[in-house]
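Visitor: Sequence plus predicted model, see below.
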Amino acid sequence: VVELGNQQTLMSPAEGAVEEVFVGVGDRVTVGQTLLTLRNPQRETALDLQQLKIEQQEANLRRQQQRIIEAQEQLTTSEAELENLSGLLEQGAIAQTRVNEQETLVRQSRAALRDAQLEVETTQLTLQELRLEQQRIQQELQDTVIVAPITGVILGVAVKDGDGVEIRNPLLTIGDAREEYIDMELSTLNAAKVAPNQPARISVIGPEPEIFMGTVVSLYP
């Protein structure tokens, strides 16, 4: 069993499936290097739906903003007509009832403008909430890109392409290869030849065998 002093086991940040593993045991990696990616179909679908909601609200906002322009134009026309009629009333050219009718139209135009402005404010708030939720979902999807938190060596890979994972499932282990501690069992004959602080040579057997020099740290009773 090999134990590293600076060792980290990376866990799945969410439920999903392993899309692709880019590293294998023994690979040396640097901080920030992509190690594997996960897929979360449910959150990807949620992101698509969220984008659709945003586009619908954006279209709604454009229509409401156009209504504000139209309401403003109507109010300007109504106010101008009221001013004109007020002048005619002073001249005695029209009856007071005609001016009263126009004043009612002006009040209705102002109310329509306020309603249109309120609708725009409400839609803008809704859009803000939708975009915040979109950012949250995007962040969740970004978290499915697993990167190396330290520079070191891949000590173990617990998953492969296509594997389903739950939140907090182990994905892989990375450590600092400069601080390896090896626990090993020795025969009685060999154990008698070993002492603390004794130099040791460790041979790694495999396709690419390596030899590492080290020091005996401690012996079990």
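Guide: Everything's here; your move. Numbering: from 1, shown residues only.
Visitor: From here on, just use CA atoms for contacts and neighbour counts.
Guide: OK.
Visitor: Relative to the centre of this protein, find the outermost residue for me.
Guide: Largest separation from the mean C-alpha position in the chain: G92, at 70.5 Å (C-alpha atoms, centre = their mean).
Visitor: measure that one to V99 for me?
Guide: 12 Å (C-alpha to C-alpha, to the nearest Å).
Visitor: One more: T37?
Guide: Distance of T37 to V99, given as C-alpha to C-alpha: 72 Å.
Visitor: And for N60?
Guide: Counting by C-alpha to C-alpha, the gap from N60 to V99 is 36 Å.
Visitor: okay, those two: which has more neighbours?
Guide: The neighbour comparison of N60 against V99 (other C-alpha atoms under 10 Å) goes to V99, with 20 against 16.
Visitor: distance of the residue farthest from the centre of the chain from N100?
Guide: Counting by C-alpha to C-alpha, the gap from G92 to N100 is 15 Å.
Visitor: Ok, R131 next?
Guide: 47 Å.
Visitor: same thing with V153?
Guide: In this view, V153 and N100 are 86 Å apart by C-alpha to C-alpha.
Visitor: of these two, who's got more company?
Guide: V153 (22 against 14).
Visitor: Was I right to think the more buried one contacts G26?
Guide: Yes. Between V153 and G26 there is a contact under C-alpha atoms under 8 Å: 5.8 Å.
Visitor: Point out where the chain drops to low pLDDT.
Guide: Scanning the chain with the threshold set as pLDDT under 70 gives 1-6, 177-181.
Visitor: Helices of that one, start to end?
Guide: Along the chain, the stretches classed as helices by DSSP state H are 41-90, 96-142, 188-191.
Visitor: Reformat the ones you listed as CSV; add distance to I167.
Guide: Shown next, in CSV, are the helices of the chain (distance: least, C-alpha to C-alpha, whole Å):
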stretch, distance to I167
helix 41-90, 14
helix 96-142, 12
helix 188-191, 44
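Visitor: ok, the closest residue to L88 other than its chain neighbours - how many residues close by?
Guide: Leaving aside its chain neighbours, L88 sits nearest to I94 (6.1 Å; criterion: C-alpha to C-alpha, 6 or more residues apart in numbering). I94 is flanked by 14 other residues according to other C-alpha under 10 Å.
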